[in-house]
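Participant: model this:
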Amino acid sequence: MSVSNSTFITQNNFTTNLIENLVKERYAGFPLKDMEWKKLGYETIQSDKYQEVFMSDDMLQMPTIVGPGIAPEMQIMQERFQKIMQPVVVSTGFQIDETALDDGKGMDLLQKYTGQIPNAFNKTRELLAVIPFNSGYSDIGWDGVPLFSASHPLPQTGGTQTNILSTPTALSKTAVQSLLTVINTSKDYSGYESNRKGKRLIVHPNNEWVAKEITASPYNPDNANNAINAIFNVLDEGYATNRYLSNVSNWEILTDEPMGLTHIERRGLRIRTEEKIAERLEMTLADERYAMGVINPFCLFGSGNIV
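Facilitator: Numbers count the residues shown, from 1 in each chain. You can find the predicted model right below:
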């Protein structure tokens, strides 16, 4: 969450201006880089549209040797899959009885509840960000199969591509090596060998110590003879934990595939206040608008659903 991306609606109202300043102060304590959702690998796109539409197009095939006087074969390019991301509005608010304001408690209550706004919005964003992970083995994606699947279609040339281990396997050095091999030998949508590589291991905090041994030690954690850890420095970005992952045993590897986990920022935080004279209430409403999801499923490769 970045304060610079937030939009504050000022009504020349003392209460609105006060809350705006309090929220800005609280957000200053939440650096964007420290958000758990950001560590999952989300890239942010600013948007001013009702929705963003992403297409999976054919990829240009490798050129072939053409003899003298022979016309080169022209490739007919097609759009294959369509992904629509529509920003949603998330909102919360609170109200204070005018009696409390009259009794001199208004300022204390405003500071108390205003201080909870950044944490509340950050929690919602965290929960929305892990939906692709938590439902990735069941919810159908834009290519007709779940995000984590052994049968992602390659419509341009036929066949399928997996982004999971053939057998669900708990986190270990050997299992990570196996999944890295799957990544390094995977194909792109054109059906040719891709250049994608793994860059970050993603785990639940229950697996943090195993992940640290696998990625942060130059020596083999399973060997007492100072054998080299072949994974050390292979995952350039090490590992990241996320407490909101529902399956504590599943783990994933984030790849360098572009346009993968995508966060569309439609509008930042907006603060509004209103006095309801008839009900003798001071009301504060906060909302923002964004979308989070996966465009290219090959940005993530998974352990398989461990049950």
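Participant: how about the secondary structure of the residue of the chain most remote from its centre?
Facilitator: Distance to the chain centre peaks in the chain at Gly69, reaching 51.4 Å (criterion: C-alpha atoms, centre = their mean). Of the three states, Gly69 takes coil under DSSP: H, G, I helix; E, B strand; the rest coil.
Participant: check Pro118 too.
Facilitator: The three-state label given to Pro118 by three-state DSSP is helix.
Participant: number of residues surrounding it?
Facilitator: Neighbour count of Pro118, defined by other C-beta atoms under 10 Å: 22. Just so you know, the C-beta spots here come from the backbone N, C-alpha and C atoms, and that holds for glycine as well.
Participant: per-residue pLDDT of it, please?
Facilitator: We note a pLDDT of 80 for Pro118 in this prediction.
Participant: what's the separation between His263 and Val182?
Facilitator: Using C-beta to C-beta, to the nearest Å, His263 is found at 26 Å from Val182.
Participant: ok so, going back, check contacts around the residue farthest from the centre of the chain.
Facilitator: Counting by C-beta atoms under 8 Å, 6 or more residues apart in numbering, Gly69 makes contact with nothing.
Participant: with the one 3 residues further on instead?
Facilitator: Under the criterion of C-beta under 8 Å, 6+ apart, the contact list for Pro72 reads 63-64, 66.
Participant: swap the cut-off to 10 Å and go again
Facilitator: Going by C-beta atoms under 10 Å, 6 or more residues apart in numbering, Pro72 touches 63-66.
Participant: top of those residues by number of neighbours, please.
Facilitator: Val66 (10 neighbours).
Participant: could you check how far the closest residue to it other than its chain neighbours is from Tyr192?
Facilitator: Using C-beta to C-beta, 6 or more residues apart in numbering and skipping residues adjacent in sequence, the residue nearest Val66 is Pro72, 5.0 Å away. As judged by C-beta to C-beta, Pro72 and Tyr192 stand 18 Å apart.
Participant: next one: Arg272
Facilitator: 53 Å.
Participant: more neighbours, these two?
Facilitator: It is Arg272, of Arg272 and Tyr192, that has more neighbours when counted by other C-beta under 10 Å, with 18 against 14.
Participant: give me the three-state assignment for the residue lying closest to the more buried one once chain neighbours are set aside.
Facilitator: Excluding the flanking residues, the one nearest Arg272 by C-beta to C-beta, 6+ apart is Leu285, at 4.9 Å. At Leu285 the chain is in strand, as set by three-state DSSP.
Participant: tell me how many other residues crowd Leu285.
Facilitator: 15.
Participant: over to Val90?
Facilitator: 16.
Participant: please identify the helix or strand for it.
Facilitator: strand 88-97 (DSSP states H and E).
Participant: mind giving me the packing neighbours of that strand?
Facilitator: Judged by 3 or more C-beta pairs under 10 Å, 6 or more residues apart in numbering; DSSP states H and E, the packing partners of strand 88-97 are helix 106-114, helix 117-129, strand 261-276, strand 281-294.
Participant: mean pLDDT lowest where, among these?
Facilitator: Across the helices and strands packed on strand 88-97, the lowest-scoring stretch is helix 106-114, with a mean of 72.
Participant: relative to helix 117-129, how tilted is it?
Facilitator: Interaxial angle of helix 106-114 relative to helix 117-129 (axes from the mean of the first three to the mean of the last three C-alpha atoms, to 10 degrees): 20 degrees.
Participant: want to try TSV for the contacts of Pro72, with distance to Gln156, pLDDT and secondary structure as columns?
Facilitator: TSV is the format used below for those (distance: C-beta to C-beta, whole Å; pLDDT from 0 to 100; DSSP: H, G, I helix; E, B strand; the rest coil):
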residue	distance to Gln156	pLDDT	secondary structure
Pro63	16	79	coil
Thr64	16	79	coil
Ile65	21	85	coil
Val66	21	85	coil
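Participant: tell me which of those residues is nearest to Thr157?
Facilitator: Thr64 (14.4 Å; C-beta to C-beta).
Participant: quick one: residues contacting that closest one.
Facilitator: 72-73 are the contacts of Thr64 under C-beta under 10 Å, 6+ apart.
Participant: just read off the phi/psi values of it.
Facilitator: For Thr64, the backbone dihedrals (degrees, to the nearest 10) come out as phi -120, psi 160.
Participant: now do it against Ser249, distance only.
Facilitator: To Ser249, Thr64 is 47 Å away according to C-beta to C-beta.
Participant: then Val53?
Facilitator: 36 Å.
Participant: of the two, which one has the most company?
Facilitator: Ser249 (17 against 10).
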